[in-house]
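A.B. asks: Here is my input, please return the structure:
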Amino acid sequence: MLAVGSWFACMFWEDIETILKRISVEEESRYKTATFITAAILAVVGVIFLNNIPAAVMAFILWVSFREKALEVQEMERKSKLEEQSEIALQMIASLYDVHKDMIRAFEGAADCVPPPMSDELKRVVIEYRAGKSMNEALTDFMERIENRDFEILCKGIMLSEQYGTDTSEVVQEVAQIIRDRIILREELKNELRGQKLTVDVFLMMIPVVGTLLYIFSPEARHTMTETMAGK
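C.D. replies: This is a model prediction of the structure:
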């Protein structure tokens, strides 16, 4: 029953989302509404085909749980991609701002050079600013969406420079240098940890190798390992 209901739900999922999109339902609400409707389809299939209300209720609950977990996985993957793309995007924004002296143009130029989802988020900042939001509001919303520490440093630096009337270019360059130093330090720590891990792995691998060689080629060691209580 669940397989048949799932087939019906998946078949109508895209149609339901398309209809909700046309009537301007927000993305999060659209996802939840489509999930509820498809879960209801599952329940109806359970009642009609099996005449089994408990099975229909269970199918409804399972489908909602499945879609919520799928949404969590999608969000985790999105944040992982944003984290990977943030370093390049930050360097590009700093370089473009140094050329144009215009933060919106810097965001727009960086958005054209990085892949989604980072490009989508940068373009959204540009769209919101040109639609009437202040720079601080657009950057605050941006920080909340991506939840990235490096971008948070940059955005807060820009906002403070706007608030106190300082030179934004100096702030951007200083923040960019901090981020470069953090990237270098992060790579050095990774390399150091790789070296330590390799040392530990080699040491652990040598213990059974040396023990085996001693057992094979040293009669005294073999006697100690097999005949004495301490060796055993």
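A.B. asks: Just give me the residue closest to the centre of the chain.
C.D. replies: Central residue of the chain (Cα atoms, centre = their mean): Lys79, 1.9 Å from the mean position.
A.B. asks: can you tell me the helix or strand for that residue?
C.D. replies: Using DSSP states H and E, Lys79 falls within helix 53-100.
A.B. asks: what angle separates the helix or strand following that helix from helix 53-100?
C.D. replies: Following helix 53-100 in sequence order, the next helix or strand is helix 103-111 (DSSP H and E). Helix 103-111 runs at 120 degrees relative to helix 53-100, counting by axes from the mean of the first three to the mean of the last three Cα atoms, to 10 degrees.
A.B. asks: helices or strands up against helix 103-111?
C.D. replies: helix 53-100, helix 118-130 (3 or more Cβ pairs under 8 Å, 6 or more residues apart in numbering; DSSP states H and E). Glycine gets a C-beta too; all of them are placed from N, C-alpha and C.
A.B. asks: distance of the residue lying closest to Val44 once chain neighbours are set aside from Lys69?
C.D. replies: Nearest residue to Val44 in three dimensions, chain neighbours excluded: Ala56, at 7.5 Å (Cβ to Cβ, 6 or more residues apart in numbering). As for Ala56, its distance to Lys69 is 21 Å (criterion: Cβ to Cβ, to the nearest Å).
A.B. asks: swap in Ala34?
C.D. replies: 16 Å.
A.B. asks: what's the average pLDDT for the helix holding Lys79?
C.D. replies: Averaged over helix 53-100, pLDDT sits at 80.
A.B. asks: what's the distance between that helix and the middle of its chain?
C.D. replies: Distance of helix 53-100 from its chain centroid, counting by Cα atoms, centre = their mean, to the nearest Å, is 6 Å.
A.B. asks: re earlier: and the nearest residue to the residue nearest to the centre of the chain once chain neighbours are set aside, backbone torsions?
C.D. replies: Take Lys79 and drop its neighbours on the chain: the residue closest to it by Cβ to Cβ, 6+ apart is Glu147, 6.7 Å away. Note on Glu147: its backbone torsions stand at phi 50, psi 60 [degrees, to the nearest 10].
A.B. asks: Near Thr38, how many other residues are there?
C.D. replies: 24 (other Cβ atoms under 10 Å).
A.B. asks: Which pLDDT value goes with Arg120?
C.D. replies: Rather than Arg, residue 120 is Asp. pLDDT, Asp120: 90.
A.B. asks: Show the contacting residues for it.
C.D. replies: Ala111 (Cβ atoms under 8 Å, 6 or more residues apart in numbering).
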